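> Quick one, what's the 3D model for this:
(one chain, ligands or ions: 1)
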Amino acid sequence: MHKDIATPIRTQEILKKYGFSFKKSLGQNFLIDPNILRNIVGHADLTKDSAAIEVGPGIGALTEHLAREAGKVMSFEIDQRLLPVLEDTLSPYDNVKIVHSDVLKADVKGLIDSELAGFKDIMVVANLPYYVTTPILMKLLTENLPLRGFVVMMQKEVADRISAKPGTKAYGSLSIAVQYYCTAEVAMIVPKTVFMPQPNVDSAVLKLIRHEEPPVTVIDEEFFFSVTRAAFAQRRKTLLNNLQSQLPNGKAKKEEILRALEQADVEPSRRGETLSIAEFGALADALHPYFN
Ligand code: SAM
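Okay, the predicted model is just below:
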């Protein structure tokens, strides 16, 4: 086994060798604790029959742990300066494919087909760049990719919102957007001290496992998500108020909205944060004929 990249000393050595300076704008906070990395990878339950997709390998701290456990790793890195570093640090591993690309612009589906052909078990495992956590997750969730799930480090506050249950303060349209596709749980809370440089915010590792069947079946997914966003537009307002002010021509359609609420068995005076995904599904379907 090779010496870990993610020790403070080795990381310093690598940064110095390449004269690398961190770019805050790219969310570059590298992990420098091999135990944390082992724990993260442990949560992904990988075998040599699994493939891992990583976003942002940095200098390869997590990538090498993934390469040891998985059959193949495909890792997207936007920062060109890291390419020669990764070529060097990951040279002991022949099962890593680095893709130099902004993951948000990449044809992930096409790359899975070409690079991870034959792998039936694919997990996204990453220490995400925090400035684009939500767009990255939403892209990978909605592009119909053959993924088992995600084990991803992010800002703790975002992990809490994504995994929140109805009736809590953190529960909102982001919780529903993700929990529509996956079960969500915070797997680990991670102290700032394991990063270089240390971020300003607390971090957590979120584990998402794709549902075999969605928790609700709706007539129109896009409309379902727009109803959930409308319901949380102003958190202090009642559902009726938010739907009236957010849905197209909602003010003039109070009667229709009330009828749909009744049909879905949801009290108009409730707040969005109290509704389960199933209740939102019933409500969106009841509203659908009046707004489409
Ligand atoms: N995996 C490394 C680690 O844990 O030490 C680095 C994680 S660091 C939080 C985030 C990484 O994502 C950086 O290497 C950064 O350059 C890269 N990155 C930022 N935005 C990206 C994007 N849109 N697409 C691909 N990589 C990106």
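> Could you use CA atoms for every contact and neighbour count after this?
OK.
> Can you pull out the low-pLDDT segments for the stretch 1-150 of the chain?
1 (pLDDT under 70).
> close to the ligand, is stretch 107-124?
No. Stretch 107-124 stays clear of the ligand (Cα under 6 Å from any ligand atom), getting no nearer than 11.5 Å.
> Need the distance between the two termini of that stretch.
15 Å (Cα to Cα, to the nearest Å).
> and if you look at stretch 262-269?
12 Å.
> Tell me how far that stretch lies from the chain's centre.
When distances are taken as Cα atoms, centre = their mean, to the nearest Å, stretch 262-269 is centred 32 Å away from the chain's centroid.
> Tell me where the stretch 101-250 of the chain has helices.
Here the stretch 101-250 of the chain has its helices, by DSSP state H, counting those that start in this stretch, at 108-115, 133-142, 156-163, 173-179, 221-231, 239-246.
> can you pull the buried residues of the longest helix that the chain contains?
Counting residues, the longest helix found in the chain (DSSP state H) is helix 277-291. Going by neighbour count (16 or more other Cα atoms under 10 Å), the buried part of helix 277-291 is 277, 279, 280, 281, 282, 283, 284, 285, 286, 287, 288.
> just stretch 162-181 next, same as before
162-166, 170-181.
> I'd like the C-alpha coordinates of it written as CSV, please.
Extracted in CSV, the C-alpha atoms of stretch 162-181 (Å, rounded to 0.1, in the frame of the first residue of the first chain):
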residue,chain,number,x,y,z
ILE,A,162,-31.7,17.9,2.3
SER,A,163,-32.3,15.2,4.9
ALA,A,164,-34.9,17.1,6.9
LYS,A,165,-38.3,15.5,7.9
PRO,A,166,-41.7,17.3,7.6
GLY,A,167,-42.5,19.5,10.5
THR,A,168,-38.9,20.7,11.1
LYS,A,169,-37.5,24.1,10.4
ALA,A,170,-35.0,22.7,7.9
TYR,A,171,-37.6,21.0,5.8
GLY,A,172,-38.3,22.7,2.5
SER,A,173,-38.5,22.3,-1.3
LEU,A,174,-34.8,21.1,-1.4
SER,A,175,-35.7,18.3,1.1
ILE,A,176,-38.5,17.2,-1.3
ALA,A,177,-36.5,17.7,-4.5
VAL,A,178,-33.9,15.2,-3.2
GLN,A,179,-36.1,12.9,-1.1
TYR,A,180,-38.3,12.4,-4.2
TYR,A,181,-35.4,10.4,-5.7
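> need the contact list for the nearest residue to residue 219 once chain neighbours are set aside.
Nearest non-adjacent residue to residue 219, counting by Cα to Cα, 6 or more residues apart in numbering: residue 285, 6.1 Å away. Neighbouring residues of residue 285 by Cα atoms under 8 Å, 6 or more residues apart in numbering: 218, 219, 220, 224.
> Counting neighbours, which of these comes out on top?
residue 224 (23 neighbours; other Cα atoms under 10 Å).
> was I right about that residue contacting residue 280?
Yes. Counting by Cα atoms under 8 Å, residue 224 touches residue 280, with 7.3 Å between them.
> is the residue lying closest to residue 146 once chain neighbours are set aside in a bridge, and if so with what?
Distances taken as Cα to Cα, 6+ apart put residue 122 closest to residue 146, at 7.0 Å, once the chain neighbours are dropped. Assessed by DSSP bridges, residue 122 has beta-bridge partners residue 51.
> show me what contacts residue 122?
Contacts of residue 122 by Cα under 8 Å, 6+ apart are 50, 51, 52, 53, 146, 147, 148, 149.
> Look at the fourth one and tell me its secondary structure.
Same thing as residue 53. strand (DSSP: H, G, I helix; E, B strand; the rest coil).
> Check the gap between it and residue 169 for me.
Taken as Cα to Cα, the span from residue 53 to residue 169 is 32 Å.
> Identify the residues contacting whichever residue of the stretch 101-250 of the chain sits closest to the ligand.
Of all residues in the stretch 101-250 of the chain, residue 102 sits closest to the ligand, at 3.6 Å by Cα to the nearest ligand atom. By Cα under 8 Å, 6+ apart, the contact list for residue 102 reads 76, 77, 78.
> What residues does the stretch 1-150 of the chain have near the ligand?
26-31, 55-58, 61-62, 76-79, 101-104, 127-129.
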